[in-house]
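Engineer: Here is a sequence with its predicted model. Questions after.
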Amino acid sequence: MLAELAGRVVSVERIPALAEQARRNLDAAGYGARVEVVVGDGTLGLPERAPFDAIAVAAAAAQIPPALEDQLAPGGRLVIPVRERLVRVERTVTGGRRVRPLAPARFVPLVAGVFTPTRC
(Lines give C-alpha, C1' and ligand atoms only; values in the text may rest on other atoms or scores of the structure.)
Protein backbone atom coordinates (compact mmCIF):
# COMPACT_ATOMS: atom_id res chain seq x y z
CA MET A 1 0.00 0.00 0.00
CA LEU A 2 2.76 2.44 0.88
CA ALA A 3 4.47 1.79 -2.47
CA GLU A 4 1.35 3.18 -4.15
CA LEU A 5 1.56 6.37 -2.07
CA ALA A 6 5.27 7.10 -1.89
CA GLY A 7 8.17 7.32 -4.30
CA ARG A 8 10.54 5.33 -2.09
CA VAL A 9 9.67 2.78 0.59
CA VAL A 10 12.12 1.15 2.95
CA SER A 11 10.81 -1.40 5.42
CA VAL A 12 12.73 -2.50 8.52
CA GLU A 13 12.15 -6.04 9.81
CA ARG A 14 13.94 -7.42 12.85
CA ILE A 15 13.54 -11.12 11.98
CA PRO A 16 15.70 -12.13 8.99
CA ALA A 17 13.39 -14.95 7.85
CA LEU A 18 10.40 -12.58 7.80
CA ALA A 19 12.42 -10.01 5.86
CA GLU A 20 13.25 -12.63 3.23
CA GLN A 21 9.61 -13.74 3.04
CA ALA A 22 8.52 -10.11 2.63
CA ARG A 23 11.02 -9.67 -0.23
CA ARG A 24 9.64 -12.76 -2.00
CA ASN A 25 6.04 -11.60 -1.53
CA LEU A 26 6.84 -8.09 -2.77
CA ASP A 27 8.62 -9.51 -5.84
CA ALA A 28 5.66 -11.78 -6.59
CA ALA A 29 3.25 -8.83 -6.32
CA GLY A 30 5.40 -6.67 -8.60
CA TYR A 31 6.66 -4.30 -5.89
CA GLY A 32 10.16 -5.70 -5.39
CA ALA A 33 11.83 -2.85 -7.26
CA ARG A 34 9.87 -0.17 -5.34
CA VAL A 35 10.15 -1.48 -1.77
CA GLU A 36 13.41 -2.30 -0.05
CA VAL A 37 13.31 -4.58 2.99
CA VAL A 38 16.24 -4.40 5.38
CA VAL A 39 16.97 -6.38 8.53
CA GLY A 40 17.44 -4.11 11.51
CA ASP A 41 16.14 -2.63 14.73
CA GLY A 42 12.98 -0.71 13.89
CA THR A 43 13.27 1.39 17.05
CA LEU A 44 16.47 2.88 15.60
CA GLY A 45 15.13 3.48 12.10
CA LEU A 46 17.72 4.00 9.38
CA PRO A 47 19.77 7.07 10.31
CA GLU A 48 22.11 6.56 7.37
CA ARG A 49 19.14 7.01 4.98
CA ALA A 50 17.45 9.92 6.82
CA PRO A 51 15.80 12.32 6.61
CA PHE A 52 12.41 10.83 5.78
CA ASP A 53 9.25 12.67 4.75
CA ALA A 54 7.13 10.00 6.40
CA ILE A 55 7.63 7.08 8.76
CA ALA A 56 4.89 4.55 9.50
CA VAL A 57 5.36 2.07 12.33
CA ALA A 58 3.24 -1.08 12.54
CA ALA A 59 4.03 -2.07 16.12
CA ALA A 60 3.13 -0.38 19.41
CA ALA A 61 5.84 1.45 21.32
CA ALA A 62 5.79 2.36 25.00
CA GLN A 63 6.86 5.87 23.93
CA ILE A 64 7.84 7.63 20.73
CA PRO A 65 11.35 6.43 19.83
CA PRO A 66 13.59 9.52 19.73
CA ALA A 67 15.65 8.03 16.89
CA LEU A 68 12.61 7.89 14.63
CA GLU A 69 11.56 11.41 15.47
CA ASP A 70 15.10 12.65 14.80
CA GLN A 71 15.01 11.10 11.31
CA LEU A 72 12.05 13.17 10.13
CA ALA A 73 12.66 15.85 7.53
CA PRO A 74 11.21 19.32 8.25
CA GLY A 75 7.48 18.92 7.62
CA GLY A 76 7.86 15.12 7.95
CA ARG A 77 5.31 12.92 9.71
CA LEU A 78 5.62 9.87 11.92
CA VAL A 79 2.55 7.72 12.56
CA ILE A 80 3.06 5.22 15.36
CA PRO A 81 0.96 3.33 17.86
CA VAL A 82 1.97 4.40 21.36
CA ARG A 83 0.59 1.98 23.90
CA GLU A 84 -3.03 1.70 22.71
CA ARG A 85 -3.34 4.95 20.77
CA LEU A 86 -2.31 5.79 17.20
CA VAL A 87 -0.31 9.03 17.26
CA ARG A 88 0.87 11.43 14.58
CA VAL A 89 4.11 13.35 15.16
CA GLU A 90 4.99 16.15 12.77
CA ARG A 91 8.37 17.86 12.66
CA THR A 92 7.77 21.55 12.04
CA VAL A 93 9.87 23.50 9.56
CA THR A 94 11.53 25.23 12.53
CA GLY A 95 12.58 21.90 14.08
CA GLY A 96 9.85 21.69 16.71
CA ARG A 97 7.21 19.01 16.86
CA ARG A 98 3.47 18.62 17.01
CA VAL A 99 1.96 15.47 18.48
CA ARG A 100 -1.65 14.61 17.78
CA PRO A 101 -3.49 11.53 19.05
CA LEU A 102 -5.49 9.95 16.21
CA ALA A 103 -7.45 6.92 17.36
CA PRO A 104 -7.46 3.95 19.71
CA ALA A 105 -5.37 1.11 18.30
CA ARG A 106 -4.00 -2.32 19.20
CA PHE A 107 -0.78 -3.58 17.66
CA VAL A 108 1.88 -6.12 18.52
CA PRO A 109 4.64 -4.58 20.66
CA LEU A 110 7.60 -2.81 19.07
CA VAL A 111 10.67 -4.79 20.09
CA ALA A 112 14.21 -3.45 19.96
CA GLY A 113 17.08 -5.41 18.50
CA VAL A 114 17.51 -7.88 15.69
CA PHE A 115 16.26 -11.40 16.30
CA THR A 116 18.99 -14.01 16.03
CA PRO A 117 17.75 -17.59 16.21
CA THR A 118 19.80 -19.98 18.30
CA ARG A 119 19.93 -23.73 18.30
CA CYS A 120 20.17 -25.82 21.44
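Structural biologist: The structure has been received and is ready for your questions. Since the model is a prediction, treat every value here as computed from it, not as a measurement.
Engineer: Surely S11 is in contact with V39?
Structural biologist: No. Between S11 and V39 there is no contact under C-beta atoms under 8 Å: 10.2 Å. (Each C-beta comes from the backbone N, C-alpha and C, glycine too.)
Engineer: The two: which is more packed in?
Structural biologist: Higher neighbour count among S11 and V39: S11, with 18 against 15, using other C-beta atoms under 10 Å.
Engineer: Show the pLDDT at that one.
Structural biologist: pLDDT, S11: 94.
Engineer: if you skip the residues just before and after it, what's nearest to it?
Structural biologist: Distance criterion C-beta to C-beta, 6 or more residues apart in numbering; nearest residue to S11, sequence neighbours excluded, is V37 at 4.8 Å.
Engineer: Mind checking the pLDDT average for the helix or strand where the one you found lies?
Structural biologist: Following DSSP states H and E, the helix or strand that holds V37 is strand 35-39. The pLDDT scores in strand 35-39 average 95.
Engineer: buried ones in that strand?
Structural biologist: Under the neighbour-count criterion of 16 or more other C-beta atoms under 10 Å, strand 35-39 has 35, 37 buried.
Engineer: The next helix or strand after it - which strands sit beside it in the sheet, and in what orientation?
Structural biologist: Moving toward the C-terminus from strand 35-39, the next helix or strand (DSSP H and E) is strand 52-56. Paired with strand 52-56 in the same sheet, following DSSP bridges, are strand 72-82 (parallel).
Engineer: In the partner strand, which residues are buried?
Structural biologist: 72, 76-82.
Engineer: Near L110, how many other residues are there?
Structural biologist: Applying other C-beta under 10 Å, I find that L110 has 21 neighbouring residues.
Engineer: Which residues are in contact with it?
Structural biologist: Counting by C-beta atoms under 8 Å, 6 or more residues apart in numbering, L110 touches 42-43, 57, 59-62, 65.
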